[in-house]
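A.B. asks: Predicted model, plus sequence, below.
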Amino acid sequence: MDAQTDLLRVENVSHAFVLGPSAIPALAPVGFTLAEGEFVCIVGTSGSGKSTLLRIIGGLLQPTTGQVWLGKEQITEPHPEIGFVFQKTNLMPWRTARDNVLLPLELLGPIGPQERKRAAALLDLVGLSGFANNYPAQLSGGMAQRLTLARALVRHPRLLLLDEPFGALDALTRERLNLELVRIQTAQQQTVVMVTHSINEAVFLADRVLVLGEQPGRILAQIPVELPRPRSLAVMGSEGFGAIATEIRRHIGLVAE
Amino acid sequence: MNADYPEETTRASRSNKSSRGDQFSRHYPGQPVKARLVTLVDNPLITFPIVVATILLLWEGLVRWQQYPNFILPGPATVARKTLALAMDGTLWRHAQVTLIEILLGLGLGVGLALLLGYVLGKSRLLERVIAPYIVASQTIPVVAIAPLLVIWFGNGLLSKVLITGIIVFFPTLISTIVGIRGVDADLHDLMRSLRASPSQLFFKLELPAALPVIFGGLKLSVILAVVGAVVGEFVGANVGLGFLINLGRGILDTPMMFAAVLTLVVLAQSFYAVVSIVERYCMRWQK
C-alpha cells in the first residue's frame, strides 16, 4: 500500500476522558492506514476504546492528540463523505422506510426524482424495496438495521463506519446480515471500518483485523485475512479461518501461548 | 438482487387481526347473544344516541313530575326551542363569535409563548433550574381569582379576556413542550450531528416531530382550558360573549337562554378538541 491509495490515515490518535481534575486515558496513541476499497474490522473487549476510535474517525469526537485524514482532508467534525451506522437502530419512527433513507439527502437540498431513484435503489440493495412505505415500528430488528445501512450509503460515502451494527440482533439474523454486508461491500467496492466484538464476524468480513487491547486501548496486532473472496458461510469451517481466529484470540489473551 | 426472508415477517402483517366483535364470537361460540351484545355496546354510533335519548327522557320526566317553572329548570323541548330561536335571530352567533375570537387569540398568545419558552427551557437545564421554580409558583395563583384585577387593568373589552385565556392555557403546553423536547432520543441527536444538520434542520426534522406526541397532550388540555378562560373573563366584566349571555340570562331569569349559551359553549369546546385530535391523528399516523 503506498501513500497515494490510502483513503484514511489515523496518526497517533489518542483520547482521554476528562473527569474532574484527572484525565482517564481511553485510547493510547494508535495509528493505521486504510486503502481504498478495504474492509477493516476492529475487534477488542469492551473498554478497549474501539467505539471511541470509531467516533474519532467519524469526527463525532475530538482526539486528545493525533490527527485523522480522509484523503487530503483532516477530520475534525462529521464529514459528508463518511457514513455512520450506530449500534442502536436510530431510525426516525415518524418517517417511512423510504423517508428515513432520504433524510441524509434532504439535509443537503430539495428532493427530486434523482434522489428518489437513489433511495429506491438502496432499498432494493438491502432487500427492503417491498417495505418502502412501512414505518420503522412495522419492521423487524434485522430489517431496521438494514435500513440504517441503506441510509448510511445514500450519500455515496467514501468511507463507511459501522459501530457493532448487528450487536443487538439474534445470531441467525446476524449471520444473514453479514452475508448481506459481504454482498453489498463487493458490489459497491465500499471502504469499511467496522467495530465488532465477534471474532468470527471480523474474520469473515474483513481484509484486515485490528486487535485492540484494553486500558488504555492500543493496537495489539494487525492481522491480514487472506481468505478468498467472495466468501460464503462455508469459509468459516476452513482451516485458514480457524487459524486466523485463533491468532486473534491469542493476541487478546484468550488462548494460552 | 432481492433476497427472500421468510422469518422476517413484519409486525404489521402479524397484527392484522380481525375486529373485536369477531374475536369474541370466536372465543365464545356457545354465547352468540353475549357476543352480539358486545359488538353493539362497542359501537359509539349505536350507544351515543341511546345515551343522549335516555338523558333527555329523564330530564323531561323530572321537569313534568316536579312541575318546575321554566326559570328553575326548563325541559329539553323548551331549551331546544329557545336555542333554535336564538340561533335563527343571530344572537347566539353574535356572542359566540366574540368568545371564539377571545379563545383563538388567547390560545395563540398562551400556546405560542409556552412553545417558545418550553423549547428554550427544554434545551437548557441551567435556564430551567433558574426559571422553572417561579413559573411553578406562579401557577399556585388561581387565575379565576386574579381575573377581576386583569379586567380592572385592561378594561372589560377583548384584551382582558385574551390575557386571562392566555394565562390559563400557558402552563399545560409549557410543561408538555419541556418534557417533549427533553425526551428527544440522544441517538437521533448523534445521527443528525453525524449528518451535519443545521440548527433549523435539527429543529424541523428532529426536535419538532419527536416532541410532537407529548406536546399534543398538553395542547388538548390547553384548548379545553381556553374555553374556561374566556368564559371566566366574560363573567367578570363584559357586554358581549357567551359568558356574558349566561350572566344576562341569570339577571333576567331567562334560564332557557342560559342553557342555550351553555350548549353553544359545549359545541365550541368539543369542536376545538376535535380539531386538535384530528390534527394529532394526522401527525401521528406513524404511531400505530
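C.D. replies: Sure thing, it's come through.
A.B. asks: Output the longest helix belonging to the chain.
C.D. replies: No chain in the question, so chain A it is. Of all the elements of type helix in chain A, the one with the most residues (DSSP state H) is helix A:171-188.
A.B. asks: Chain B was what I was after
C.D. replies: In chain B, with assignment by DSSP H, the single longest helix is helix B:91-123.
A.B. asks: by contact count, what packs against the helix or strand just after that helix?
C.D. replies: From helix B:91-123 onward toward the C-terminus, using DSSP states H and E, the following helix or strand is helix B:125-138. Based on contacts counted as 3 or more Cβ pairs under 8 Å, 6 or more residues apart in numbering or on different chains; DSSP states H and E, the elements that helix B:125-138 packs against are helix B:91-123, helix B:158-182. Any C-beta I mention is one placed from the backbone N, CA and C, and that applies to glycine too.
A.B. asks: thinking again about what came up before, so what's the model's average confidence on the longest helix of chain A?
C.D. replies: For helix A:171-188, mean pLDDT is 83.
A.B. asks: Are that helix and chain B in contact anywhere?
C.D. replies: Yes. Applying Cβ under 8 Å from any Cβ of the partner chain, one finds helix A:171-188 in contact with chain B at A:172, A:173, A:176, A:180, A:183.
A.B. asks: Identify, out of the helices and strands packed on helix B:125-138, the most deeply packed stretch.
C.D. replies: Mean neighbour counts were taken over these using mean count of other Cβ atoms under 10 Å in any protein chain shown, and the top value, a mean of 24, falls to helix B:158-182.
A.B. asks: What residues of the next helix or strand after that one count as buried?
C.D. replies: Beyond helix B:158-182 on the C-terminal side, the first helix or strand identified by DSSP H and E is helix B:186-194. Of the residues in helix B:186-194, those with enough neighbours to count as buried (16 or more other Cβ atoms under 10 Å in any protein chain shown) are B:188, B:189, B:190, B:191, B:192, B:193, B:194.
A.B. asks: Which ones among those residues also lie next to chain A?
C.D. replies: Within the buried residues of helix B:186-194, those near chain A by Cβ under 8 Å from any Cβ are B:188, B:190, B:191, B:193, B:194.
A.B. asks: Can you pull the residues of the stretch 101-250 of chain B lying near chain A?
C.D. replies: Taking Cβ under 8 Å from any Cβ as the measure of proximity, the stretch 101-250 of chain B contacts chain A at B:185, B:187-188, B:190-191, B:193-198, B:201, B:205-206, B:209-210, B:212.
A.B. asks: quick revisit: for the helix or strand following the longest helix of chain A, what does the pLDDT average out to?
C.D. replies: Per DSSP H and E, the first helix or strand lying C-terminal to helix A:171-188 is strand A:191-196. Average pLDDT, strand A:191-196: 91.
A.B. asks: quick one: strand A:191-196 to helix A:171-188, angle?
C.D. replies: In terms of direction (axes from the mean of the first three to the mean of the last three Cα atoms, to 10 degrees), strand A:191-196 departs from helix A:171-188 by 170 degrees.
A.B. asks: and strand A:191-196, what does it pack onto?
C.D. replies: Strand A:191-196 packs on strand A:6-19, strand A:22-35, strand A:39-43, helix A:50-57, strand A:159-163, helix A:199-205, going by 3+ Cβ pairs under 8 Å, 6+ apart.
A.B. asks: check contacts around the closest residue to chain A within the stretch 101-250 of chain B.
C.D. replies: For the stretch 101-250 of chain B, the nearest residue to chain A under the criterion Cβ to the nearest Cβ is residue B:187, separated by 4.0 Å. For residue B:187, the contacting residues are A:86, A:88, A:90, taking Cβ atoms under 8 Å, 6 or more residues apart in numbering or on different chains as the criterion.
A.B. asks: Residue B:217 too?
C.D. replies: By Cβ under 8 Å, 6+ apart, the contact set of residue B:217 is residue B:176.
A.B. asks: Could you say which helix or strand holds it?
C.D. replies: Assigned by DSSP H and E, residue B:217 falls in helix B:208-236.
A.B. asks: Which other helices and strands does whatever helix or strand comes next after that helix contact?
C.D. replies: Per DSSP H and E, the first helix or strand lying C-terminal to helix B:208-236 is helix B:242-251. With contacts defined as 3+ Cβ pairs under 8 Å, 6+ apart, the secondary structure elements packing on helix B:242-251 are helix B:91-123, helix B:208-236, helix B:255-283.
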